[in-house]
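Student: please find the sequence and the predicted model below.
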Amino acid sequence: MAETGDPSRLDELIDERRAKARALRDAGIDPYPVGVRVTHALEQVRREYDGRLEPGEGSGAQVSVGGRLVARRGHGKLVFLVLREGDTDLQVLAALDTLGPEAMARVEDLDLGDWVGVAGEVVRSRRGELSVQAGTVTLLGKSLRPLPDTWHGVRDVETRFRQREVDLAINADARRVVRIRAAAIAALRAEYADRGYVEVEGPVLHTQAGGALAKPFVTHANALDLDLYLRIALELHLKRLVAGGMTRVFEIGRVFRNEGLSPRHNPEFTMVESYEAYADYHDIMDLTQALLQRAAVEAVGTTALDHDGGKVDLGGEWPRRPLLDLVRAATDRPGLSYDTPAEELRALAAAHDVHADPAWGPGKLVLELYEKLVEHTLWDPTFVVDYPVEVSPLARRHRSDPHVTERFELIVAGRELANAFTELTDPDDQRARLEAQARARAGGDEEAMAVDESFLRAMEFGMPPMGGLGIGVDRLVMLLADVQTIRDVILFPTLRPER
């Protein structure tokens with residue numbers, strides 16, 4: 001596109017385009033018509049006719065196509081237009097002797113950014129460019145506001161996210177990320193379907209925030225005169241479905257956490273969560289590996305990824321490493337355990353410049369050491385297993401170690417991509433842990449959980465043993481698309497209002 005977004009001329013350019021729209025209406029032509037049909041996408045024309053015609057040859061095939069006008073050259077007897085639809089460009093030949101003077105004048109009045117429909121023959125130009133020889137040219141949607149050009153682009157990153165329609169119109173990489181996201185989500189769905197899972201939808205508005213350690217958004221239902229919470233996780237309602245006999249369920253949906261913004265965090269984001277009866281966390285590790293490997297192959301064609309200047313290979317078998325062993329290695333303390341006195345662990349944290357709250361127990365202190373010293377160093381896919389009970393209120397205690405749970409997180413390129421565990425199905429143990437969370441909440445911990453009586457009642461009816469999984473879809477797409485901020489993979493990220 002030519003440079004049309006000069007701020008000093010913006011009002012003048014908009015006025016000029018509005019005048020053209022008025023002139024069309026005065027001539028009885030709607031600049032925003034409906035009912036116009038296309039027979040071929042631009043990509044379909046290229047797929048069917050590229051390589052089939054010699055320069056200057058016509059196909060004899062008539063097509064009707066549409067797209068955004070992104071380039072033009074020539075005037076008078078012959079005008080060359082370039083239409084864009086998605087990532088496909090196609091040339092249009094508009095000739096005076098075919099269209100006639102009146103229609104050709106309207107072609108001359110087209111502006112870059114206009115949506116245009118063309119009907120005509122598929123040909124190859126004398127210079128060898130696949131084209132449509134226009135028999136008719138129809139304005140489908142008048143662009144009143146000029147787009148930035150593709151060379152200068154949208155220079156302000158904030159504008160890219162705030163005006164995503166502009167970003168997508170001129171930025172091929174933005175469109176690439178959208179396609180990767182769509183393909184990755186489709187691959188996750190397909191893998192679950194192949195394994196006999198049922199996709200379900202749980203409520204977004206909860207009477208209690210549960211299923212994760214996070215601060216919720218609060219809203220109010222006027223009809224019920226009731227405060228409600230936007231969900232912070234998908235977990236508890238899905239597990240209630242398993243209690244009801246749906247032995248394999250999953251949901252892909254938005255969750256909301258009233259927390260900070262960062263390159264990895266947005267207040268609303270997408271999770272996939274699943275629960276499988278009779279599975280444990282070893283089975284769920286196998287599932288996680290299969291899901292992500294399939295997503296990589298179907299979204300980008302390979303498990304060998306370029307990311308953040310390095311290489312990440314999602315292929316093969318991923319190692320499984322206990323969290324405590326990683327902390328022992330990072331602190332050079334092979335004798336470290338969850339029986340190590342909290343005072344000694346706080347001193348160890350201080351020696352490594354890791355904050356340690358006086359109220360934290362050994363499990364939380366070990367987790368903090370891991371998150372500050374180890375997590376960011378794990379580049380290749382790694383299952384970090386056996387998290388402390390203290391920080392895992394919904395996970396089952398380990399079969400052979402009462403200090404830890406059968407929980408894992410998947411770390412890739414220093415980032416958590418998945419969190420999963422053998423689910424706690426003992427209602428009395430679950431109640432005790434939720435009550436401990438409620439006491440922490442009463443003490444000022446806004447991220448601690450409340451006691452969810454509906455969930456506990458479902459557990460008391462009886463739950464089968466099960467394994468559960470949560471995957472951060474946005475972070476997965478960041479990995480696959482090789483982008484460094486979550487705002488690049490969420491089409492409309494949360495931003496402050498424009499002034």
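Tutor: Sure, I can see it. Computed from a prediction, not measured in an experiment: that's the story for all the values here. Residues are numbered from 1 along each chain as shown.
Student: any low-confidence regions in the stretch 101-250 of the chain?
Tutor: The model of the stretch 101-250 of the chain has pLDDT under 70 over residues 149-156.
Student: quick one, strands of it?
Tutor: With strands called from DSSP state E, counting those that start in this stretch, the stretch 101-250 of the chain shows them at 115-124, 130-141, 198-199, 205-206, 218-221, 226-230, 248-256.
Student: pLDDT score for L261?
Tutor: Per-residue pLDDT puts L261 at 84.
Student: now do the contacts for it.
Tutor: Contact analysis of L261 by Cβ atoms under 8 Å, 6 or more residues apart in numbering lists P267, T494. Using the backbone N, CA and C atoms, a C-beta is placed for each residue, glycine as well.
Student: with A119 instead?
Tutor: Counted by Cβ under 8 Å, 6+ apart, A119 has contacts Q62, V63, S64, V65, A134, G135, T136, T138.
Student: which residues touch the residue nearest to it when sequence neighbours are not counted?
Tutor: Closest residue in space to A119, ignoring its immediate chain neighbours: S64 at 4.3 Å, by Cβ to Cβ, 6 or more residues apart in numbering. By Cβ under 8 Å, 6+ apart, the contact set of S64 is R37, V38, T39, H40, G117, V118, A119.
Student: if you set the cut-off to 10 Å instead, what comes out?
Tutor: Remark: with contacts taken as Cβ atoms under 10 Å, 6 or more residues apart in numbering, S64 is in contact with 36-40, 117-120, 132, 135-136, 138.
Student: per-residue pLDDT of it, please?
Tutor: So S64 comes in at 98 (pLDDT).
Student: helix or strand for it, which one?
Tutor: strand 58-73 (DSSP states H and E).
Student: same question, E435
Tutor: For E435, the host element (DSSP H and E) is helix 427-442.
Student: now that helix: how far from the chain's centre is it?
Tutor: 33 Å (Cα atoms, centre = their mean, to the nearest Å).
Student: who does the next helix or strand after it touch, helix- and strand-wise?
Tutor: Later in the chain than helix 427-442, the nearest helix or strand by DSSP H and E is helix 453-460. If you count contacts as 3 or more Cβ pairs under 10 Å, 6 or more residues apart in numbering; DSSP states H and E, helix 453-460 packs onto helix 235-243, helix 427-442.
Student: how far off centre is the shortest one?
Tutor: So the one you mean is helix 235-243. Using Cα atoms, centre = their mean, the offset of helix 235-243 from its chain centre is 24 Å.
Student: buried set for that helix?
Tutor: E235, L236, H237, L238, K239, R240, L241, V242, A243 (16 or more other Cβ atoms under 10 Å).
Student: quick one: G244 from R457, how far?
Tutor: 12 Å (Cβ to Cβ, to the nearest Å).
Student: repeat that for R407.
Tutor: In terms of Cβ to Cβ, R407 sits 24 Å off from R457.
Student: quick one, which of the two is more surrounded?
Tutor: R407 (26 against 12; other Cβ atoms under 10 Å).
Student: dig out what that one forms beta bridges with.
Tutor: Assessed by DSSP bridges, R407 has beta-bridge partners F421.
Student: got the contact list for it?
Tutor: Listed by Cβ under 10 Å, 6+ apart, the contact set of R407 reads 281, 284, 323, 384-389, 391-392, 394-396, 398, 419-423, 468.
Student: measure it to N258 for me?
Tutor: 25 Å.
Student: cool, and R439?
Tutor: On the measure of Cβ to Cβ, R439 and N258 end up 22 Å apart.
Student: which one of those two has more residues nearby?
Tutor: In this view R439 and N258 are compared by other Cβ under 10 Å, and N258 has more residues nearby, 16 against 11.
Student: and the pLDDT at that one?
Tutor: Reading off the model, N258 has pLDDT 93.
Student: next one: it from E16, what distance?
Tutor: Distance from N258 to E16, by Cβ to Cβ: 46 Å.
Student: look up how far R126 lies from the residue of the chain most remote from its centre.
Tutor: Within the chain, the residue lying farthest from the chain centre (Cα atoms, centre = their mean) is D97, at 49.5 Å. For D97, the distance to R126 (Cβ to Cβ) stands at 16 Å.
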